[in-house]
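Student: Pasting the sequence and the predicted model now:
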Amino acid sequence: MNLMTKFRLSLMMFLEFFVWGSWYVTMGTFLGNNLKSADQEISLAFSTQSFGAIIAPFIVGLIADRYFHAQRILGAIHLVGAGLMYLLYQSGDFSGFFPILLAYMILFMPTLALVNSISFNQMKDPAKEFSVVRVWGTIGWIASGLLISTLGWDSIGGLADGMLKNTWLMASLVSLALGIYSFTLPATPPRAQAKGGFKLSEALGLDALSLLKHKNFAIFFLSSILICIPLAFYYQNASPFLTEIGVENSTGKMTIGQVSEVLFMLALPVFFSRFGIKKTLLVAMLAWAVRYLFFAYGDADSGVWMLLVGIALHGVCYDFFFVSGQIYTDAHAGQRFKSSAQGLITLATYGVGMLIGFWAAGQISDYFLNPSGNHDWTSIWLIPAGISVLVLLFFISFFKDERIKPDTNPN
């Protein structure tokens, strides 16, 4: 892959995740502050990600893989997305906001697979080349958070003036730019095998269900769904939590999680090869429990270090579980189920697991809402910490350690 192609793909990744990070981190704060939404409404808004993840295989498997070039679909989606983001910028209440957001996420979630497909199509050795391109997506997410805090949209004064709504306008403009830019990206035609007979089970990844006959993989699969329940608490509640307790420029501080994601991504191959899959996954689950304990007992004054450490643990939580889990899934799937197995695990985690988690986070947050309008955050964060410990105990009890053989997973 030549330098210019690498630059073009890296810019695509940067813009893709800049758009997502522009609004996703602060949406909970925006809904509570600007639209005066209840906790259950905020959880419903975040659950649109899960609905999108469940529907995404239909769009990618039934349309992108069979009929159109991936870069053209990516461009069309982001152009439509720019219009939907602008409508969200103009929304004045949750009833008008939610259906637009749902339509947007059903369109957006497939783009995460499309940018990967476009990238892989230009690479001779994805195992070595992809991480260099993908890391610019994380940098794009970081850049959007730092820009929001630099402009003061998430500060006390900015919140009072309702400036957080500008995140939707920013996302709209960048989505428009990405939509236009996508049509200039290298051609990624439909897969050759898509011209043959169509099987719905293959498009949805359901043929990979046969992997669940392996006890170890079945335990991993169930643990992946369960651990996404506490994960949803972080995505949904972290920004409102930090804002409510008085942490200034919280969006910028939350980018520490993405910085750590980059660092631990580099450390993962060494840890994985030395300690194996079981210990790697256990470290991730333990990190989840520790993170929520730090959130439960930290504060915006002398205990702010606990909050920052909890945010920084995101790299361990995400990389050591999800990325190593993708490697483990790939090793069990083999050539036959390589794509469908990844689709199935994504549907189960971002779809089913986080859908349950967003619902639970909304119910629990509302239960611990004080008459004064503030939350009992200590009690709220102790619940996902406890869930993480239970999943950890379940996994350590039933999952048998195994080594990933190089000939099973050549990457």
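Tutor: Perfect, I can see it now.

Student: If we ignore the residues flanking it in sequence, what's nearest the spatially most central residue of the chain?
Tutor: Geometric centre of the chain, nearest residue: Y350, 7.6 Å, by Cα atoms, centre = their mean. Using Cβ to Cβ, 6 or more residues apart in numbering and skipping residues adjacent in sequence, the residue nearest Y350 is A53, 3.9 Å away. Yep, even glycine has a C-beta here, placed from its N, CA and C like the rest.

Student: contact partners of the helix or strand hosting the one you found?
Tutor: Mapping A53 onto the secondary structure by DSSP states H and E places it in helix 48-59. For helix 48-59, the external contacting residues (Cβ atoms under 8 Å, 6 or more residues apart in numbering) are 98, 101-102, 104-110, 112-113, 203-205, 235, 343, 346-347, 350-352, 354-355, 358.

Student: Just list what the following helix or strand past that helix packs against, helices and strands only.
Tutor: Beyond helix 48-59 in the direction of the C-terminus, DSSP H and E gives the next helix or strand as helix 70-90. Using 3 or more Cβ pairs under 8 Å, 6 or more residues apart in numbering; DSSP states H and E as the contact criterion, the elements in contact with helix 70-90 are helix 3-24, helix 94-120, helix 166-182.

Student: got the angle between helix 70-90 and helix 94-120?
Tutor: For helix 70-90 against helix 94-120, the angle by axes from the mean of the first three to the mean of the last three Cα atoms, to 10 degrees is 160 degrees.

Student: on that earlier part again, with V80 as the reference, name the closest of the helices and strands packed on helix 70-90.
Tutor: Using Cβ to Cβ as the criterion, the shortest distance between V80 and the helices and strands packed on helix 70-90 is 6.3 Å, found for helix 94-120.

Student: If you count neighbours, what's buried in the closest one?
Tutor: Counting neighbours by 16 or more other Cβ atoms under 10 Å, one finds that the buried residues in helix 94-120 are 94, 97-98, 100-119.

Student: and what of stretch 67-80?
Tutor: By neighbour count with 16+ other Cβ under 10 Å, stretch 67-80 contains the buried residues 69-75, 77-80.

Student: got any ranges where the stretch 201-350 of the chain has weak pLDDT?
Tutor: Counting by pLDDT under 70, the low-confidence segments of the stretch 201-350 of the chain come to 201-208, 330, 333-343.

Student: in it, which spans are helices?
Tutor: Assigned by DSSP state H, counting those that start in this stretch, the stretch 201-350 of the chain shows helices spanning 215-244, 250-254, 256-297, 304-312, 314-318, 324-333, 338-346.

Student: Please dump those helices into CSV; it should also carry distance to I139 for every row.
Tutor: Rendered in CSV, the data for the helices of the stretch 201-350 of the chain read as follows (distance: least, Cβ to Cβ, whole Å):
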stretch, distance to I139
helix 215-244, 20
helix 250-254, 14
helix 256-297, 8
helix 304-312, 17
helix 314-318, 14
helix 324-333, 21
helix 338-346, 23
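
Student: Including mean neighbour count, could the ones you listed go into CSV?
Tutor: Formatted as CSV, the helices of the stretch 201-350 of the chain follow (neighbours: other Cβ atoms under 10 Å):
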stretch, mean neighbour count
helix 215-244, 22
helix 250-254, 24
helix 256-297, 19
helix 304-312, 19
helix 314-318, 24
helix 324-333, 20
helix 338-346, 21
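
Student: quick one: contacts for S172?
Tutor: For S172, the residues meeting the contact criterion (Cβ under 8 Å, 6+ apart) are 82-83, 85-86, 89.

Student: List only those of those residues flagged as buried.
Tutor: Among the contacts of S172, those classed as buried by neighbour count (16+ other Cβ under 10 Å) are 82, 85-86, 89.

Student: Which one of the residues you listed is nearest to S260?
Tutor: M85 (28.2 Å).

Student: domain parsing for this structure?
Tutor: Following automatic domain parsing, the chain resolves into domains at 1-183, 207-411.

Student: Now distance to P190 too, for those domains, in a markdown table please.
Tutor: Supplementary listing: these in a markdown table, determined by distance: least, Cβ to Cβ, whole Å:
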| stretch | distance to P190 |
| --- | --- |
| domain 1-183 | 6 |
| domain 207-411 | 14 |
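
Student: Relative to P189, which of the ones you listed is closest?
Tutor: Nearest of these to P189, taken as Cβ to Cβ: domain 1-183 at 5.5 Å.

Student: tell me how far the closest one is from the chain's mean position?
Tutor: Relative to the centre of its chain, domain 1-183 is centred 11 Å away, using Cα atoms, centre = their mean, to the nearest Å.

Student: now stretch 180-189
Tutor: Taking the mean C-alpha point of stretch 180-189 and that of its whole chain, the gap between them comes to 24 Å (Cα atoms, centre = their mean).

Student: cool, stretch 262-277 as well?
Tutor: What separates the centre of stretch 262-277 from the centre of its chain is 20 Å, taken as Cα atoms, centre = their mean.

Student: Thought L307 was touching G298, still the case?
Tutor: Yes. Under the criterion of Cβ atoms under 8 Å, G298 is in contact with L307, at a separation of 4.2 Å.

Student: can you pull the contacts of I277?
Tutor: Applying Cβ under 8 Å, 6+ apart to I277 gives the contacts 324, 327-328, 401-404.

Student: So which bits of stretch 371-384 are buried?
Tutor: Those buried within stretch 371-384 under the rule 16+ other Cβ under 10 Å are 375, 377, 380-384.

Student: one step back: the helices and strands packed on helix 70-90: which one's closest to N216?
Tutor: Counting by Cβ to Cβ, and looking across all of those, nearest comes helix 94-120 at 26.6 Å.

Student: what pLDDT, on average, does the very next helix or strand once past that closest one get?
Tutor: Of the helices and strands lying after helix 94-120 in sequence (DSSP H and E), the nearest is helix 126-150. With pLDDT averaged residue by residue, helix 126-150 scores 85.

Student: quick check: angle from helix 126-150 to helix 215-244?
Tutor: Here helix 126-150 runs at 20 degrees with respect to helix 215-244, directions being taken by the same axes, to 10 degrees.
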